[in-house]
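> pasting a predicted model and its sequence here:
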Protein chains: 2
Amino acid sequence: MRTTAPSEELDCPGGARRPLSCDRIVGAAVAFVEANCLAQLSMRRLGSELGVEAMSLYRYFPSKALLVDAVVCRVLGGLELPAETATDWEPAVRAYARSYRALARQHPDLLPLLAADGGARATATEVEQRMQALWRRAGLTGDGPRRAQRAVQAYVIGSCLQAPAARSEEAEADFELGLEALLSGLRTRLPLSS
Amino acid sequence: MRTTAPSEELDCPGGARRPLSCDRIVGAAVAFVEANCLAQLSMRRLGSELGVEAMSLYRYFPSKALLVDAVVCRVLGGLELPAETATDWEPAVRAYARSYRALARQHPDLLPLLAADGGARATATEVEQRMQALWRRAGLTGDGPRRAQRAVQAYVIGSCLQAPAARSEEAEADFELGLEALLSGLRTRLPLSS
DNA sequence: ACCTGAACACCGTTCAAGT
DNA sequence: ACCTGAACACCGTTCAAGT
């Protein structure tokens, strides 16, 4: 799912400043949000992080909103999706759920944006399609794949948004219990193979 | 769960302007967010909505963040919680889930804040306690009540955050399927009565 | 082609001043 | 006691100008 190379902040030989690019800007924005928080991300601050005036960023992104969308897409690119040939749905869905959770814990500030109906919808829809294909290979038809995936996605996102329980192993165990409950409920309710 | 009377915007007899109060400010903020959106809520605009300078609001709320917390608490107050005596957990949990969903659909902008770990945590914890008490009456002990409630809460919040499916009855059916799957999974995994 | 400076219309918030 | 005005340090964004 990763479609762009990670943008490394290497200096050009001779110390000349590398030119701006969408990739470099998004990389810097992700790093900034990880190091600080989304609320502190401003065009001015991001510009100064890149050694450039805020206004220069507008050559690459017409608005801050579109830049943030690109950041969300980049982060979603880190998701581990099931192989196109996977048919054993249970381990594949568990792996997806845990991958999403890991990603959410790495970018807690971005999570509300991952879930929201924003400009990253295209990428989110791509992810949804890949997961629905898995559910189809597992035997579901019609509304089945969408419903199964939406249920899993809802649970996973909601879990990540919740205030962490006291100890982190506790939170992990809570997450796993709910996930297994949901999967077993889906198994008994939907005509899934195996 | 509603602890404060709804603040009606009635003029005083004689047309004299009613004095400001926390209640009146929160009421106006909720109305503003419903009528516009959270992003447009500013101290200046809210002030002008109340016929007052922005700075006056600081007499009642030391910061915008605390005002928003109060808004979130007010909205959470609209939740239908199970009676303290309810023991039949399934219909009570369904009613809670649907009540939460209804509230989320009425205040889509506030939903991320309801889920987040913000200043409304006290109220959210209160809700959680009430629900955990229900799970305890249903036979759960130890980690059980917390886990059951966190699973339900995760699913409900995540569902509400998801982009609505094409048709709204479709979204409703998707929500119900996942809810029933989760509840039945919890039923088989936890020592619940009935 | 790519970046900058100054400017516009906003923010949250502080503080001294009004009544 | 309660509200206001002016000010500070920020925003996103436009636009004309630099190189």
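It's in.
> can you name the element that comes right after the helix or strand of chain A with the lowest mean pLDDT?
Lowest by mean pLDDT, DSSP states H and E among the helices and strands of chain A is helix A:111-115, with a mean of 86. Next helix or strand after helix A:111-115 toward the C-terminus (DSSP states H and E): helix A:121-137.
> report the distance from the very next helix or strand once past that next one to the chain centre.
Per DSSP H and E, helix A:121-137 leads on to helix A:144-161 as the next helix or strand towards the C-terminus. Here helix A:144-161 is found 14 Å from its chain centre; the criterion is C-alpha atoms, centre = their mean, to the nearest Å.
> now do helix A:144-161: which elements does it pack against?
Packing contacts for helix A:144-161, counted by 3 or more C-beta pairs under 8 Å, 6 or more residues apart in numbering or on different chains; DSSP states H and E, involve helix A:89-106, helix A:111-115, helix A:121-137, helix A:168-189, helix B:111-115, helix B:144-161, helix B:168-189. C-beta: built from backbone N, CA, C; applies to glycine.
> next one: the least confident helix or strand of chain A, is it in contact with chain B?
Yes: against chain B, helix A:111-115 shows contacts by C-beta under 8 Å from any C-beta of the partner chain at A:P112, A:A115.
> low-scoring stretches of chain A, by residue?
Scanning chain A with the threshold set as pLDDT under 70 gives A:1-17, A:117.
> up against chain B, what does chain A have?
Checking chain A against chain B by C-beta under 8 Å from any C-beta, the hits are A:112, A:115-117, A:121, A:124, A:143, A:146-147, A:150-151, A:153-159, A:161-165, A:170, A:173-174, A:177-178, A:180-186, A:188-189.
> buried ones among those?
By neighbour count, with 16 or more other C-beta atoms under 10 Å in any protein chain shown, these hold A:112, A:115-116, A:124, A:146-147, A:150-151, A:153-159, A:161-162, A:165, A:174, A:177-178, A:180-186, A:189 as buried.
> and A:S194, how many neighbours?
Residues near A:S194, counting by other C-beta atoms under 10 Å in any protein chain shown, number 9.
> secondary structure class for it?
Counting by DSSP: H, G, I helix; E, B strand; the rest coil, the backbone at A:S194 sits in coil.
> just want the most central residue of chain A.
A:L76 (2.9 Å; C-alpha atoms, centre = their mean).
> that residue and A:L113 touch, don't they?
No: the criterion here is C-beta atoms under 8 Å, and A:L76 misses it with A:L113 at 9.8 Å.
> which neighbours do those two share?
Common neighbours of A:L76 and A:L113 (criterion: C-beta atoms under 8 Å, 6 or more residues apart in numbering or on different chains): A:A120.
> tell me how chain A divides into domains.
Listed by automatic domain parsing, the domain ranges of chain A are A:8-62, A:80-189.
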